[in-house]
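>>> dropping a prediction and its sequence here:
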Amino acid sequence: MSALITGLFLVNFMIALTIIFLERKNPSATLAWIMILFLVPVAGIIFYFLLSQNIARQRIFRLSKFEEAVISASLNEQIESIKDGEMIFTNPEAKKWQDMIRLHQTYGNAFFTQDNKIMILTDGKHKFDCLLQDIKNATKTINVMYFIVKNDAVGRMLLEALTEKALQGIEVRLLLDAMGSRQISPKILEAFKRAGGKHAYFFPPKFKYLNMKLNYRNHRKLVVIDDEIGYLGGFNVGNEYLGKVKKIGYWRDTHLRLLGSCVQDMNARFILDWRFASKETLVLSQAYYNAPTHAGTTGIQIVSSGPDSSREEVKQGYLKMISSAKKNIYIQTPYFVPDSSILECLKTAVLSGVDVRIMIPCKPDHMFVYWATYSYIGILLDVGAKIYIYDNGFLHAKTLCVDGEVASIGSANFDIRSFRLNFEANAFIYDAAEVYKLEAIFESDMAQSHELTRQLYRRRSLQIKFKESVSRLLSDLL
């Protein structure tokens, strides 16, 4: 027994040295891992191999020298056009938020387009009906990427629709996250493949049925149809997302149906992910072959982030919006586990007189994350933020609205997992009319929520306080 304990200690010690000197995680994550390794040594080793692989130094989405040169030249031309006052903005919000546009251009390599039109989708059935109709009407290409597709009635409905289009000779590509969509095995895709459809899994397990990468998942939910219609947001594909699972109830989410030049940038994102997962040789410029559909006047930037980079591009956009707020900040998120920079920024906004409102779900789907959320919510309650608990089912929307002028909608939650550990994609929107709609949706959701006051929060039990404390210690790993 003593030899076993000594062996466990040595293994944990070597893992700890690996985390400190080779993986070079941020200090809080490093301390959290060391705590787990030495408090629960057996579980700590298992958790490490499931959760802790570091891919920050890997170049996953490689660009050719030609692609890098073309993208850099185009971005620099756009940056200089705005800087020199040559760009004509289609709405005043984009002009006012030029500094944030510049941030995403220089830090996130995100083009700014302003000929877009969006439809905001908050109901799963409505979103799925729209998507299936657009798939049915497709004439050229369908590119689909989801974190979760379930092997249930809704998931099979999507696969059948894609199979039918592949049989018609439409070029159909389906990219699934190997962990989130583990129910969709290659066997289930046999009919789709026979029809001519192409599929790939993001980070598939090296050993069948044993996926050792719980982190670094492709959390994006993105569809591009005929290079003209795009879908981006929080909905996955399964029965629960249409409110068909009694335990969860109504599923409240936010998704976008997009038209305009931003769809080309979404397609470029898909191509990069597809090239990595499928190894198929696609030219990135293929996303820009067709002339874009000039559909409206909404300014949009498609911003991606992921653990292959330490930049945390989506989070930087959140920080810029929050720090620039003068009047109000509306946040809807299922998981609120911010890092210190986001938390301090929100506290500063509240203390500066900004109306900060945060809406979270009334029920957990990940227990530790739920109690960590309550821990951080308590900090903001103490400085005067308004917190709302959505009671009409499960809230999964990921939206941020600021001053009635700009908004962000996509796959990224307000948590460390989305900032550092998962691959995400968000649309940053510059259009007062569309942000007004999003604020109206938030206020409508308030009518189906109850406010968590400071007094109510302070009356929580010792058991809940214990859960919060433990969960918060694990924040960097959740």
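Sure, I can see it.

>>> checking N426 next. Helix, strand or coil?
Three-state secondary structure (criterion: DSSP: H, G, I helix; E, B strand; the rest coil) places N426 in strand.

>>> what about it, how many residues nearby?
When counting by other CB atoms under 10 Å, one arrives at 30 neighbours for N426. C-beta here means a position set from N, CA and C on the backbone, and glycine is covered the same way.

>>> parallel or antiparallel, list what pairs with the helix or strand hosting T254.
Assignment of secondary structure by DSSP states H and E places T254 within strand 251-259. Sheet partners assigned to strand 251-259 using DSSP bridges are listed as strand 113-123 (antiparallel), strand 229-233 (antiparallel), strand 394-395 (parallel).

>>> contact partners of the shortest one?
Spelled out, that is strand 394-395. Contact partners of strand 394-395, identified using CB atoms under 8 Å, 6 or more residues apart in numbering, comprise 248-252, 332, 334, 359-363, 365, 445.

>>> among those residues, which one has the lowest pLDDT?
For the contacts of strand 394-395, the weakest pLDDT value sits at D365, with 64.

>>> the closest residue to E240 other than its chain neighbours and P361, how far apart?
For E240, the nearest residue in space outside its immediate sequence neighbours is I248; the separation is 5.0 Å by CB to CB, 6 or more residues apart in numbering. Distance, I248 to P361, using CB to CB, to the nearest Å: 10 Å.

>>> who has more neighbours out of these two?
Neighbours were tallied for I248 and for P361 using other CB under 10 Å; the higher tally belongs to P361 (24 against 17).

>>> quick check: which of the strands paired with strand 251-259 is nearest to L421?
L421 lies closest, by CB to CB, to one member of the strands paired with strand 251-259: strand 229-233, at 19.8 Å.

>>> mean confidence score for the closest one?
Averaging the model's pLDDT scores along strand 229-233 yields 98.

>>> just the C-alphas of that strand, formatted as PDB.
What follows is the C-alpha trace of strand 229-233 in PDB, where atoms were taken according to Å, rounded to 0.1, in the frame of the first residue of the first chain:
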ATOM      1  CA  ILE A 229     -27.800  32.300 -46.000                       C
ATOM      2  CA  GLY A 230     -26.100  31.900 -42.700                       C
ATOM      3  CA  TYR A 231     -27.200  30.600 -39.300                       C
ATOM      4  CA  LEU A 232     -25.200  31.300 -36.100                       C
ATOM      5  CA  GLY A 233     -26.100  31.200 -32.400                       C
END
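
>>> what sits up against that strand?
Strand 229-233 is contacted from outside by 121, 127, 131, 134, 221-224, 253-259, 262-263, 266-267, 302, 398, 409-411, 425-427, using CB under 8 Å, 6+ apart.

>>> can you list the buried residues in it?
229-233 (16 or more other CB atoms under 10 Å).

>>> pLDDT below threshold where in the stretch 151-300 of the chain?
Judged by pLDDT under 70, the stretch 151-300 of the chain has its weakly predicted residues at 207-214.

>>> which residues of it fall in strands?
171-177, 198-202, 222-225, 229-233, 251-259, 298-305 (DSSP state E, counting those that start in this stretch).

>>> let's see the first one as CSV, backbone CA atoms only.
Taking Å, rounded to 0.1, in the frame of the first residue of the first chain, the C-alpha atoms of strand 171-177 are listed here in CSV:
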residue,chain,number,x,y,z
GLU,A,171,-22.6,19.5,-52.2
VAL,A,172,-23.3,18.8,-48.6
ARG,A,173,-20.7,18.9,-45.8
LEU,A,174,-21.5,18.0,-42.2
LEU,A,175,-18.9,18.8,-39.4
LEU,A,176,-19.7,17.4,-36.0
ASP,A,177,-17.9,17.7,-32.7
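
>>> show me what contacts the residue nearest to M446 when sequence neighbours are not counted?
Using CB to CB, 6+ apart and skipping residues adjacent in sequence, the residue nearest M446 is Y388, 5.7 Å away. By CB under 8 Å, 6+ apart, the contact set of Y388 is 357-360, 445-446, 449-452.

>>> which of those residues are buried?
With burial judged by 16+ other CB under 10 Å, the buried subset of the contacts of Y388 is 357-360, 445-446, 449, 452.

>>> let's have the residues you listed in a markdown table, adding secondary structure and distance to V435.
Below are the buried ones among the contacts of Y388 laid out as a markdown table (DSSP: H, G, I helix; E, B strand; the rest coil; distance: CB to CB, whole Å):
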| residue | secondary structure | distance to V435 |
| --- | --- | --- |
| R357 | strand | 14 |
| I358 | strand | 17 |
| M359 | strand | 16 |
| I360 | strand | 21 |
| D445 | helix | 15 |
| M446 | helix | 17 |
| S449 | strand | 20 |
| L452 | strand | 25 |
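
>>> so which of those residues comes closest to P186?
Using CB to CB as the measure, the one of the buried ones among the contacts of Y388 that approaches P186 most closely is I360, at 37.5 Å.

>>> quick one: that closest one and I387 touch, right?
Yes. The pair I360 and I387 passes the contact test of CB atoms under 8 Å, sitting 7.3 Å apart.

>>> list residues touching both of the two?
Where contact means CB under 8 Å, 6+ apart, the residues bridging I360 and I387 through contact with each are I377.

>>> can you tell me the closest non-neighbouring residue to I71?
Of all residues not flanking I71 in the chain, N109 sits nearest, at 6.6 Å (CB to CB, 6+ apart).

>>> repeat for N413
Nearest to N413 is Y335, by CB to CB, 6+ apart, at 4.6 Å.

>>> can you list the domain ranges for the protein.
Using automatic domain parsing, the domain parsing of the chain gives 2-51, 65-81+115-298, 313-477.

>>> which among the ones you listed is found nearest to P92?
Between P92 and the domains of the chain, the tightest spacing by CB to CB is seen for domain 313-477, at 7.7 Å.

>>> could I get the CA-only coordinates of the longest helix anywhere in the chain as PDB?
The residue-count maximum for a helix in the chain (DSSP state H) belongs to helix 65-83. The C-alpha coordinates for helix 65-83 follow below in PDB (Å, rounded to 0.1, in the frame of the first residue of the first chain):
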ATOM      1  CA  LYS A  65       1.400  32.100 -47.400                       C
ATOM      2  CA  PHE A  66      -0.800  33.300 -50.300                       C
ATOM      3  CA  GLU A  67      -4.000  33.200 -48.000                       C
ATOM      4  CA  GLU A  68      -2.200  35.000 -45.300                       C
ATOM      5  CA  ALA A  69      -1.000  37.700 -47.700                       C
ATOM      6  CA  VAL A  70      -4.400  38.200 -49.300                       C
ATOM      7  CA  ILE A  71      -6.200  38.400 -45.900                       C
ATOM      8  CA  SER A  72      -3.700  40.800 -44.400                       C
ATOM      9  CA  ALA A  73      -3.800  43.000 -47.500                       C
ATOM     10  CA  SER A  74      -7.600  43.100 -47.500                       C
ATOM     11  CA  LEU A  75      -7.800  43.800 -43.700                       C
ATOM     12  CA  ASN A  76      -5.200  46.500 -43.900                       C
ATOM     13  CA  GLU A  77      -7.000  48.200 -46.800                       C
ATOM     14  CA  GLN A  78     -10.200  48.200 -44.800                       C
ATOM     15  CA  ILE A  79      -8.500  49.500 -41.600                       C
ATOM     16  CA  GLU A  80      -6.800  52.300 -43.500                       C
ATOM     17  CA  SER A  81     -10.100  53.200 -45.200                       C
ATOM     18  CA  ILE A  82     -11.800  53.600 -41.800                       C
ATOM     19  CA  LYS A  83      -8.800  55.400 -40.300                       C
END
